[in-house]
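A.B. asks: Pasting a predicted model and its sequence here:
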Amino acid sequence: MTEGNTAIVAGMIADKTGGSLFEIKVADDVYPAGYSELIKFAKKEKRQKARPAITGTVDNFAEYDTVFIGYPNWWAEMPMPVYTFLESHDFTGKNVVPFCTHEGSGFGGTDEKVRDVTRARMLRGFAIYGHTAQKDRDFAREKVNEWLSSIGF
C-alpha cells in the first residue's frame, strides 16, 4: 500500500521543522477499503456531523507552541475524526497551521473551520494536490519548504 497523501506532506513538514508526528486514528476503524465505498461512508459521516472516537494522545500537548493540523479535504470538509481531535484539545495560546491535500478545491474553507474550532492564532496554511504529493515528491517537498520558510520555519 502506498503512503497517504497527507502523511507524505506531514513527513516533509516534520523533516523540515524537526517536529514530531501524531496520526489521528479512529478507535473503531470501520472505514471501507474501497474508494467508492469510502466516499459513500465519508459523505454519510459529514451529513451526520459525526465525531468518531479516536485513539492515542499527543504526549505533552500543552508544551507545544505550534501545532500543524493536516488532513485531506473532502468536499470542502475535514474528515470527521479531525474534528474529534480538534474539539478534544485546548489550543489556547498556540499557533495552529493547517495543511491539506486535495484534488482541486484547495482549502475550500476548511482552514477557517480549523480557526473557528481551535480559536487559536492561525499561521498561513498550505494546500497541495494529493496526486502531486504522491507522484512528484521532489516538487512537493520544494513547495512545502518554500511555504515553511515563508511562515518562519
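C.D. replies: Everything's here; your move.

A.B. asks: residues near P98, how many?
C.D. replies: 26 (other Cβ atoms under 10 Å). C-beta coordinates here come from the backbone N, C-alpha and C atoms, glycine included.

A.B. asks: no, scratch that, I was asking about K94
C.D. replies: K94 has 18 neighbours, counted by other Cβ under 10 Å.

A.B. asks: how close does it sit to T6?
C.D. replies: As judged by Cβ to Cβ, to the nearest Å, K94 and T6 stand 20 Å apart.

A.B. asks: where does this protein have low pLDDT?
C.D. replies: Residues of the chain that meet the criterion pLDDT under 70 lie in 1.

A.B. asks: one more time with 90
C.D. replies: Counting by pLDDT under 90, the chain has low-confidence residues at 1-2, 28-43, 59, 74-76.

A.B. asks: Please, where are all the helices along it?
C.D. replies: Using DSSP state H, the helices found in the chain span residues 5-17, 35-48, 80-87, 110-118, 130-135, 137-150.

A.B. asks: Of those, which is nearest D65?
C.D. replies: helix 5-17 (11.6 Å; Cβ to Cβ).
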